[in-house]
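A.B. asks: Here is my input; please provide its structure:
(one chain, ligands or ions: 1)
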Amino acid sequence: MPTPAATLQKKLHTLRRRFIAQLPERLAQASAQWQESQASTEASARLAPVLHRFFHSIKGTGRTLGFERLAILADQGETSLSAGGTTSLARVLTALEQEVQTLTSQHPGEFADIIDHHVEFPPAPQSSTHNKQQRLIYLCDDEPEQVDQLVHHLRCFGHEAVHFTDTERFFSAVLARRPDAVIMDVHFPQGQTAGTETLESLMRLTGESIPSIVLSSYSDFHSRLSAVRAGCHGYFTKPVKPLDLILAVDEITMPAGDEPLRVLVVDDEPDAADYHTLILEQAGMAVTQVNHPADALAALERFSPDLLLVDVYMPVCSGEELASIIRQQLEHVGLPIIYLSTETDREKQISAMSAGVEAFLTKPVSPTELVSAVRLRAERLRMLRSLMSRDSMTGLYNHSTTTELINKALALGHREDSQHTLVMIDIDCFKEVNDTHGHLAGDQVIITLARLLKSRLRNSDIIGRYGGEEFVVLLKNIDVSATAELINTLRHDFSRVDYHAGQQHFRCTFSAGISHFPSQPSTEALRLTADKALYRAKHQGRNQVVTYDA
Ligand SMILES: Nc1nc2c(ncn2[C@@H]2O[C@H](COP(=O)(O)OP(=O)(O)OP(=O)(O)O)[C@@H](O)[C@H]2O)c(=O)[nH]1
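C.D. replies: Reported below is the predicted structural model:
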């Protein structure tokens, strides 16, 4: 099986071959245009920009793909065209023809001219093995008192929990199937710190540390030090509040920013666009490309990128003009834009950046430079967007963002003829929870429900906190009965979570109302009907899921 690096080099090679294969025709066309331009002043004025674009694009893409000699000749052509040097341009065209002939006659697979020094791809990020729905958790503890309760809570949150009573069996199980996280007791009959020593041995053997949390009946320095040495991420003294442990497990297993960064590449040269797409995709980003600036606005709407990578010189509309058009729209004011160009003149670069773009990268850009420039700026936008669009207590979308996202999903749903469902969820008798156990305990319930929804629903679903103890969820591409089944399972699991407030324990339930899209064609109609169903669920005794039935 080819390695990822070999596959990548193969793709790069295909790009180069494709670029070279279409050069003879492009060059013949340019030569003909050059001949034609010599016939009259009108033809010369008309064809000069076309020829300029030809040389410029061969220079940019040639350099990007590593054909340095080709790029130098194209650069000479561009300069001589600007200077109006007829003989030198004819010479350049001839030299280009020879160069193209040499390249096309080379054995496929070997381009003698290739400058490969910049084609060192940065390592792709480790693909996450975490399944959003369910994580595999190993619990190793020989004291039975709390184990059942912990396993029960882990399962309520949708995790697969496997319990071991001795470290040997746990050790073999980890080698056979690596868990997403480990909850480990420290003290076993064979030693005061046998649990953490087992984790340490595993770390030495496998060369990696498994996200782990230690449970201990002791809080002494020695036990804690052994946990640190074993690379543990958390330390809880028994008795443990299961909910606190679940949140800690979530924290150590939840990959930060799992969603790939989204980049829109706008370049009229498909080969250059393909090359930059290849680099960014290799770095784990999601990329869409358009080869005509006029298509960029629709792509922005459809793809919602975190960053725009734009070629500066394009026919019809330059990168600068495109950036200005984008900046005219309020919703895209903060979108980072990076220019890519062969332009090396600093003054021209600065002037090009006047439309408020973030950076100017000169072609050929090294993969490492491109990836880090894009990642830095796209991640910053992600963070800002997240702060503005999320509720600070639960991390779920706030009211306005939820509505906006649902509106967008429905617009797309109408176009694609999809069916979605909207669910309104409200915690039952929540006032009583606050009144009896205090607001902090109430907050704990809200956070728990948010966690449950986040960990059990799909990435593509929209989960929002609509206000107070009310949540709204848009489940995509699902029908009403599958939704009812799913929400009922969540309702059941939520009702079995134990909360602790001082010395008291309590449990909570929720009610939910479901409505269907496109039967209800708008956000407002969906919300109103789901609300009616929710009202019925409350009226019928709470702790139930009701589907709206006209
Ligand atoms: N702890 C806490 N309480 C909140 C928050 N937001 C709203 N609340 C409380 O949530 C309670 C909502 O109560 P109600 O809407 O009367 O309904 P309920 O008691 O949940 O009863 P039913 O919905 O009829 O089952 C109010 O007491 C609010 O003060 C919050 O962020 N934290």
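
A.B. asks: Every contact and neighbour count from this point should use C-alpha atoms.
C.D. replies: Will do.

A.B. asks: ok, how many other residues are close to the nearest residue to residue 327 once chain neighbours are set aside?
C.D. replies: Computed as CA to CA, 6 or more residues apart in numbering, the closest residue to residue 327 that is not its neighbour in sequence is residue 333, at 4.9 Å. By other CA atoms under 10 Å, the residues close to residue 333 number 13.

A.B. asks: Pull up the per-residue confidence for residue 333.
C.D. replies: Looking at residue 333, its pLDDT stands at 81.

A.B. asks: which helices and strands does the helix or strand harbouring residue 276 pack with?
C.D. replies: Using DSSP states H and E, residue 276 maps to helix 270-282. Where contact means 3 or more CA pairs under 8 Å, 6 or more residues apart in numbering; DSSP states H and E, helix 270-282 is packed against helix 4-21, helix 41-64, strand 262-266, strand 286-290, helix 367-389.

A.B. asks: Now do the third one and helix 367-389, the angle between them.
C.D. replies: To tie it back to what came earlier, the one meant is strand 262-266. Using axes from the mean of the first three to the mean of the last three CA atoms, to 10 degrees, the interaxial angle of strand 262-266 with respect to helix 367-389 works out to 120 degrees.

A.B. asks: sorry, back to before: tabulate the helices and strands packed on helix 270-282 (a markdown table), appending mean pLDDT, distance to the ligand and mean neighbour count.
C.D. replies: Output for these, formatted as a markdown table (pLDDT from 0 to 100; distance: least, CA to the nearest ligand atom, whole Å; neighbours: other CA atoms under 10 Å):
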| stretch | mean pLDDT | distance to the ligand | mean neighbour count |
| --- | --- | --- | --- |
| helix 4-21 | 79 | 48 | 15 |
| helix 41-64 | 86 | 54 | 19 |
| strand 262-266 | 95 | 33 | 26 |
| strand 286-290 | 95 | 36 | 20 |
| helix 367-389 | 87 | 17 | 16 |
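
A.B. asks: which one of those lies closest to residue 445?
C.D. replies: Nearest of these to residue 445, taken as CA to CA: helix 367-389 at 21.7 Å.

A.B. asks: Pull out the buried positions in the next helix or strand after the closest one.
C.D. replies: As assigned by DSSP H and E, the chain's next helix or strand after helix 367-389 is helix 399-416. Judged by neighbour count using 16 or more other CA atoms under 10 Å, the buried positions of helix 399-416 are 399, 401, 402, 403, 405, 406, 409, 410, 413.

A.B. asks: For helix 399-416, name the packing helices and strands.
C.D. replies: Right, helix 399-416 is packed against strand 462-467, helix 523-539 by 3+ CA pairs under 8 Å, 6+ apart.

A.B. asks: can you list the residues that contact stretch 7-20?
C.D. replies: Counting by CA atoms under 8 Å, 6 or more residues apart in numbering, stretch 7-20 makes contact with 65, 100, 103, 104, 108, 109, 271, 274, 275, 278, 282, all of which sit outside it.

A.B. asks: From these, pick the one nearest residue 37.
C.D. replies: Looking at the contacts of stretch 7-20 and their distance to residue 37, the nearest is residue 100, at 22.5 Å (CA to CA).

A.B. asks: so the closest one touches residue 22, yeah?
C.D. replies: No - if you go by CA atoms under 8 Å, residue 100 and residue 22 don't touch, sitting 9.9 Å apart.

A.B. asks: Which members of the contacts of stretch 7-20 are classed as buried?
C.D. replies: By neighbour count, with 16+ other CA under 10 Å, the contacts of stretch 7-20 hold 65, 100, 103, 104, 271, 274, 275, 278, 282 as buried.

A.B. asks: quick check: domain ranges of the protein?
C.D. replies: Following automatic domain parsing, the chain resolves into domains at 4-105, 136-253, 262-386, 399-547.

A.B. asks: how about residue 461, phi and psi?
C.D. replies: When read as degrees, to the nearest 10, the backbone of residue 461 gives phi -70, psi 150.

A.B. asks: next one: residue 162
C.D. replies: Backbone torsions for residue 162, taken as degrees, to the nearest 10, come to phi -120, psi 130.

A.B. asks: residues touching it, list them.
C.D. replies: For residue 162, the contacting residues are 136, 137, 138, 139, 151, by CA under 8 Å, 6+ apart.

A.B. asks: quick one, what contacts the third one?
C.D. replies: Pointing back at residue 138 there. 161, 162, 163, 164, 170, 179, 181, 182, 183.
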